[in-house]
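predicted coordinates and the sequence they were generated for:
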There are 2 protein chains.
Amino acid sequence: MSLTDPIRRPSLHEELVERLRSLIVEDALKPGEKVPEKALCASFGVSRTPLREALKVLASEGFVILTANRGATVAKVTRAELDNSFPVIAALEQLAGELACQNLDAAGIAWIETRHAAMLTAFASRDRKAYFQANQDIHQALVRGAGNEVLEEQHRLLAARIQRARFMANLSDDRWAQAIDEHEAMMDRLRGRDGEGLGQLMKRHMMNKHAALVRALDAESLGEETAGPSD
Amino acid sequence: MSLTDPIRRPSLHEELVERLRSLIVEDALKPGEKVPEKALCASFGVSRTPLREALKVLASEGFVILTANRGATVAKVTRAELDNSFPVIAALEQLAGELACQNLDAAGIAWIETRHAAMLTAFASRDRKAYFQANQDIHQALVRGAGNEVLEEQHRLLAARIQRARFMANLSDDRWAQAIDEHEAMMDRLRGRDGEGLGQLMKRHMMNKHAALVRALDAESLGEETAGPSD
DNA sequence: AAACGTAATTATGAATTCATAATTCACTTT
DNA sequence: AAAGTGAATTATGAATTCATAATTACGTTT
């Protein structure tokens, strides 16, 4: 970073967009809940204007729903949105895989190797939290490694939107093992810089993830409380 | 549309987002130009608050750039954005092609056939305007025909962002003929409901479009005023 | 007591106001 | 005359105010 880079002083509304989005993704603001304008103004120590500007942005990103004269509510992750988002994310990740194999340097791949190893360790000790973190790191690194900011931005927002589905946290042992296998295969392609192959694997990986999630959701909706789905 | 659909009364800022985006895409507001807040407030007959809310949304969509204490300027379509957007749009269209073949009903395909015919007519008479309209109708119909609103929304915004590159309006005869060929091939796959094939063709179609555009831009930047590129 | 209707309260959308940063322009200095 | 300085103007970010829509609370009627 140069010493003469322009000074960055994020405006209030930008700051608020980030903070509110985090609150939503971290599930501090629950889907379906009203966004308490007044209370948030008080706790953030800002007036309504920048907060409302931030809500407009979050609405355009799909994190909140604005209803006329009834303010903002946190958007629910509907089944339809899930079913629609996964194929799009899968397509984006396919592209990411193709490009990452061309663009990543050795250090980038090496870092992914370390996260992959961490993921295997987490799997071995059934440490879900560490697993999810490593998994997310890998996917993010691949997308970022594609070197395409448009792709990165689209992926980031879409992934954030569906990530907050709480059931994403569950993961059956079968699916977990399968996901690990898929990741091993992906690493192979990455090592060989087989972009085409990595892209296809990443696409299928996402589709399998979606399928597992759907199976779990359908089972759940039938009343049976299963151990849990997805990764 | 049901008789009991919720009443839609778009808020001022929603209306303004649409209107301003149109002004930008239609090139009434030129890239790099400052967005004249006051003047727009006057001509739209609204106060600054909803207009500024709209600008925040447009900024998050990438149509304007907000600079601290210096207001909004219309975002330029940079070469980097072009180079990054095309692969993403291509990936989205590939997915659209796959899904459209599954989802479109006979009427949907029939309508696309009529637009395809219109496109051929326009090509025969070298009617660029009619050609672009038919071409856009076809791509839009295929994306919409995928029946995936997330996909449709992402595609719509990305396409709008790059569409306003004025040079998109140019089209060399060679590339034009090639594009027609590609569309013929696409129609074949659509008729045969070969989603895989259609998707691959649509992806390649977009990549070819990008390549043609890049060739034209590079030639232009070397000073030669070419007849014009792309479709 | 339940249901309806009306008044009071609250929350929201939008306009206005206010403080401050940026720009412009006149003026000084060399 | 050109360059630099500083005051005046303008534009922007944010707070506040205002009008109105929605919700709640209450009282009335059956």
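That came in fine, so what should we check first?

what residues sit buried inside the longest helix belonging to chain A?
Using DSSP state H to define each element, chain A has its longest helix at helix A:195-221. Across helix A:195-221, burial judged by 16 or more other C-beta atoms under 10 Å in any protein chain shown covers A:195, A:197-206, A:208-210, A:212-214, A:216-217. For the C-beta atoms, the positions are set from N, CA and C on the backbone; glycine is no exception.

quick one: stretch A:14-28 to chain centroid distance?
Centroid separation for stretch A:14-28 versus its chain: 14 Å, with C-alpha atoms, centre = their mean, to the nearest Å.

near DNA strand C at all, it?
No. Using C-beta under 7 Å from any atom of the strand, no contact is recorded between stretch A:14-28 and DNA strand C, whose separation bottoms out at 14.4 Å.

buried sites along that stretch?
By neighbour count on 16+ other C-beta under 10 Å, the buried set for stretch A:14-28 is A:14, A:16-17, A:20-21, A:24.

can you narrow the residues you listed to ones near chain B?
Near chain B, taking C-beta under 8 Å from any C-beta of the partner chain as the test, the members of the buried residues of stretch A:14-28 found are residue A:17.

of the buried residues of stretch A:14-28, closest to residue B:74?
Distance to residue B:74 across the buried residues of stretch A:14-28 (C-beta to C-beta) is lowest for residue A:14, with 19.1 Å.

residue A:60 contacts residue B:60, doesn't it?
Yes. Residue A:60 is in contact with residue B:60 according to C-beta atoms under 8 Å; the separation is 5.8 Å.

the closest residue in space to residue A:56 that isn't next to it in sequence: neighbouring residues, count only.
Excluding its sequence neighbours, the residue lying closest to residue A:56 (C-beta to C-beta, 6 or more residues apart in numbering or on different chains) is residue B:53, at 4.8 Å. Look at residue B:53: counted by other C-beta atoms under 10 Å in any protein chain shown, it has 24 neighbours.

again, but for the one 5 residues further on
As a burial measure, the neighbour count of residue B:58 was computed by other C-beta under 10 Å and equals 24.

beta partners of the closest residue to it other than its chain neighbours?
Counting by C-beta to C-beta, 6+ apart, residue B:58 lies nearest to residue B:64, which is 4.7 Å off, once chain neighbours are set aside. On the basis of DSSP bridges, residue B:64 is bridged to residue B:74.

distance check, residue B:64 against residue B:37.
Distance of residue B:64 to residue B:37, given as C-beta to C-beta, to the nearest Å: 11 Å.

between the two, which is the more surrounded one?
Neighbour count, other C-beta under 10 Å: between residue B:64 and residue B:37, residue B:64 has more, with 25 against 14.

residue B:75 is in contact with that one, correct?
Yes. Residue B:64 is in contact with residue B:75 according to C-beta under 8 Å; the separation is 5.7 Å.

can you tell me which residues contact whatever residue of chain A ends up closest to DNA strand C?
Relative to DNA strand C, the nearest point of chain A is residue A:71 (2.7 Å; C-beta to the nearest atom of the strand). Counting by C-beta atoms under 8 Å, 6 or more residues apart in numbering or on different chains, residue A:71 touches A:34-35, A:37.

need these in a markdown table (columns: secondary structure and distance to residue B:222).
Compiled in a markdown table, those are given as follows (DSSP: H, G, I helix; E, B strand; the rest coil; distance: C-beta to C-beta, whole Å):
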| residue | secondary structure | distance to residue B:222 |
| --- | --- | --- |
| A:34 | strand | 58 |
| A:35 | coil | 53 |
| A:37 | helix | 55 |
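
which of these come close to DNA strand C?
Subset of these in contact with DNA strand C: A:34, A:37, counting by C-beta under 7 Å from any atom of the strand.

how about CSV for the contacts of residue A:71, with pLDDT added?
As requested, the contacts of residue A:71 are exported to CSV (pLDDT from 0 to 100):
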residue, pLDDT
A:34, 94
A:35, 94
A:37, 92
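
what parts of chain A come near chain B?
So chain A meets chain B at A:9, A:11, A:13, A:17, A:49, A:52-54, A:56-57, A:59-61, A:66, A:68, A:80-81, A:84-85, A:87-88, A:91-92, A:94-95, A:99, A:148-151, A:154, A:158 (C-beta under 8 Å from any C-beta).

repeat that with 7 Å
Applying C-beta under 7 Å from any C-beta of the partner chain, we find that chain A lies next to chain B at A:9, A:11, A:13, A:52-53, A:56-57, A:60-61, A:68, A:81, A:84-85, A:87-88, A:91-92, A:94-95, A:148-151, A:154.

so which of these belong to helices?
A:13, A:52-53, A:56-57, A:60-61, A:81, A:84-85, A:87-88, A:91-92, A:94-95, A:149-151, A:154.

residue numbers of chain A in contact with DNA strand D?
A:11-13, A:46-50, A:68-70.

what about burial for those, which qualify?
Among those, those classed as buried by 16+ other C-beta under 10 Å are A:11-13, A:46, A:50.

among these, show me the least confident.
Minimum pLDDT across these is recorded for residue A:11, with 88.

need the contact list for that residue.
residue B:68 (C-beta atoms under 7 Å, 6 or more residues apart in numbering or on different chains).

where does the spatially most central residue of chain A sit, in terms of helix or strand?
When C-alpha atoms, centre = their mean is applied to chain A, the residue found nearest the centroid is residue A:159 (3.0 Å). Counting by DSSP states H and E, the element that carries residue A:159 is helix A:149-163.
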